[in-house]
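Colleague: here is my input; please provide its structure:
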Amino acid sequence: MSIFLDENIHSLYTRIDKPEVAKVYEEKLNNSSVKEAKIVEPTVPWYRSWFEKQ
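Modeller: Residues are numbered from 1 along each chain as shown. Next up, the predicted model:
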């Protein structure tokens, strides 16, 4: 679950133009011990789509 959150946080900071913080989360993802694990992403609630930029 942690890697899923880190990916989403990295994506968020990249979208809102915060490269310093995005780099921190990118490093966390690259150094993660579960980086190669096959993880099933959690189902996102339908109402979350209102807040997502695409």
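
Colleague: continuing past the longest helix anywhere in the chain, what's the next helix or strand?
Modeller: As assigned by DSSP state H, the longest helix anywhere in the chain is helix 2-15. As assigned by DSSP states H and E, the chain's next helix or strand after helix 2-15 is helix 19-30.

Colleague: can I get that following helix in PDB, CA atoms only?
Modeller: Only the C-alpha atoms of helix 19-30 are listed here, as PDB (Å, rounded to 0.1, in the frame of the first residue of the first chain):
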ATOM      1  CA  PRO A  19       9.900  19.300  -8.400                       C
ATOM      2  CA  GLU A  20      11.900  19.300  -5.100                       C
ATOM      3  CA  VAL A  21       9.200  17.300  -3.200                       C
ATOM      4  CA  ALA A  22       8.400  15.100  -6.300                       C
ATOM      5  CA  LYS A  23      12.100  14.100  -6.300                       C
ATOM      6  CA  VAL A  24      12.000  13.000  -2.700                       C
ATOM      7  CA  TYR A  25       9.100  10.700  -3.500                       C
ATOM      8  CA  GLU A  26      10.800   9.500  -6.600                       C
ATOM      9  CA  GLU A  27      13.800   8.500  -4.500                       C
ATOM     10  CA  LYS A  28      11.600   6.700  -2.000                       C
ATOM     11  CA  LEU A  29      10.100   4.700  -4.900                       C
ATOM     12  CA  ASN A  30      13.500   3.900  -6.400                       C
END
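
Colleague: offset the numbering so it begins at 282, please.
Modeller: From this message on, residue numbering opens at 282, which makes the last subject helix 300-311.

Colleague: helix or strand with the lowest mean pLDDT in this protein?
Modeller: Ranked by mean pLDDT, DSSP states H and E, the weakest helix or strand in the chain is helix 283-296, scoring a mean of 82.
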